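Peer 1: okay, structure incoming, though there's no sequence with it:
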Ligand code: HMG
Ligand code: MG
């Protein structure tokens, strides 16, 4: 264990999109912008700003274009957004984003529930959109969801995931993020899947996207690191969930991930203290406590310090 860790890791922040998409309380455009700018100030260089999907399906992110136009970010931040079709693609271009994030599922049932079409049709859409994006000089990320478990079909066959990955590999796609959409995967499954795909797929192009329903997300990150993966998705404070994956909890918390990486001697370029400020801001914006453990621990120790200082002065 822990013999093959990389020197650096790319953290891909999905909080403003995956984190918010399922939140029932409507967050204002201004608050979304504040949160995104704070995340960039903490050193995150890859941020998924929003979705350009149907507002009927994801009402929380209906203001995607306004958010993307309003944020002021350093020039080296890779701005991305979820795009399901040409309509969404036009919005991403209008917003001046650098990247589009396409998405599809590894099972027919999740695909139908999430995008109202089957896998074959989704593959055609991804092919057309990735070609258009390349012609427009945008980079392309693609999510493959439910690669371990599907909320409708149960355990997913790794061989069928590997087959879909080969199809994606033949498209103009720069990075493929493998999603444990319901947050139930275990390290053994992660190691087995990466081993299975590693002879055909360039692992530098693979990202892992863990939700944390069963509390296995960080253990899965470690399994991914040991298997040669160097890009991980996370969401500030552990916000999130897919509305079309019943029972799924939030994403792996960005602060928990960065704490683990820092303490393992892996560079991320992210300021953990500032990340905690972002988590605090996210809690204020949502009006509730978030599940991130490092966030909870830090905020409670900050509170204790403030109380002790006040008592000392009294
Ligand atoms: P549909 O109903 O089959 O499509 O939805 P449609 O073409 O009939 O359009 C329906 C209405 O939406 C129309 O409006 C369109 O104009 C509008 P109307 O004529 O009824 O007034 N519309 C749009 N509006 C704005 N932007 C667009 C757009 N497209 C259509 N881009 C569709 C098909 C794909 C659009 C729909 O199913 C959809 O938007 N799905 C998105 C669902 C979603 O966002 N799910 C969560 C993200 S995936 C996820 O969380 C997993 C991930 O995190 C990884 C993991 O954890 O595994 C990525
Ligand atoms: Mg997700």
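Peer 2: Alright, I've got the coordinates. Just so we're clear, the structure is a prediction, and the values are computed from it rather than from any experiment. Ligands and ions are numbered 1, 2, ... in the order given.

Peer 1: and the helix or strand containing residue 81, which strands flank it?
Peer 2: Taking DSSP states H and E as the definition, residue 81 sits inside strand 78-82. Within its sheet, strand 78-82 is paired with strand 46-51 (parallel), strand 99-105 (parallel), according to DSSP bridges.

Peer 1: what helix or strand does residue 196 sit in?
Peer 2: helix 187-197.

Peer 1: sorry, slip of the keys, the one I care about is residue 207.
Peer 2: strand 206-210.

Peer 1: give me the sheet partners of that strand and which way each runs.
Peer 2: Strand 206-210 sits in its sheet next to strand 175-180 (parallel), strand 231-234 (parallel), going by DSSP bridges.

Peer 1: the closest residue to ligand 1 within the stretch 201-314 of the chain and residue 113, how far apart?
Peer 2: Nearest residue of the stretch 201-314 of the chain to ligand 1: residue 242, at 3.7 Å (Cβ to the nearest ligand atom). C-beta: built from backbone N, CA, C; applies to glycine. Distance from residue 242 to residue 113, counting by Cβ to Cβ, to the nearest Å: 9 Å.

Peer 1: so between the two, which is more surrounded?
Peer 2: Neighbour totals were compared for residue 242 and residue 113, and residue 242 leads with 24 against 18 (other Cβ atoms under 10 Å).

Peer 1: pretty sure the more buried one sits against residue 180.
Peer 2: No. In this structure, residue 242 is not within contact of residue 180 by Cβ atoms under 8 Å, at 10.9 Å.

Peer 1: so which bits of the chain are right by ligand 1?
Peer 2: Within the chain, the positions near ligand 1 by Cβ under 6 Å from any ligand atom are 18, 21, 51-58, 82, 84-85, 87-88, 103, 114-116, 143, 145, 179, 181, 209, 242, 244.

Peer 1: switch the strands paired with strand 78-82 over to TSV; also include mean neighbour count and mean pLDDT.
Peer 2: TSV is the format used below for those (neighbours: other Cβ atoms under 10 Å; pLDDT from 0 to 100):
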stretch	mean neighbour count	mean pLDDT
strand 46-51	27	98
strand 99-105	25	98
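
Peer 1: between those, which one is closest to residue 162.
Peer 2: strand 99-105 (14.9 Å; Cβ to Cβ).
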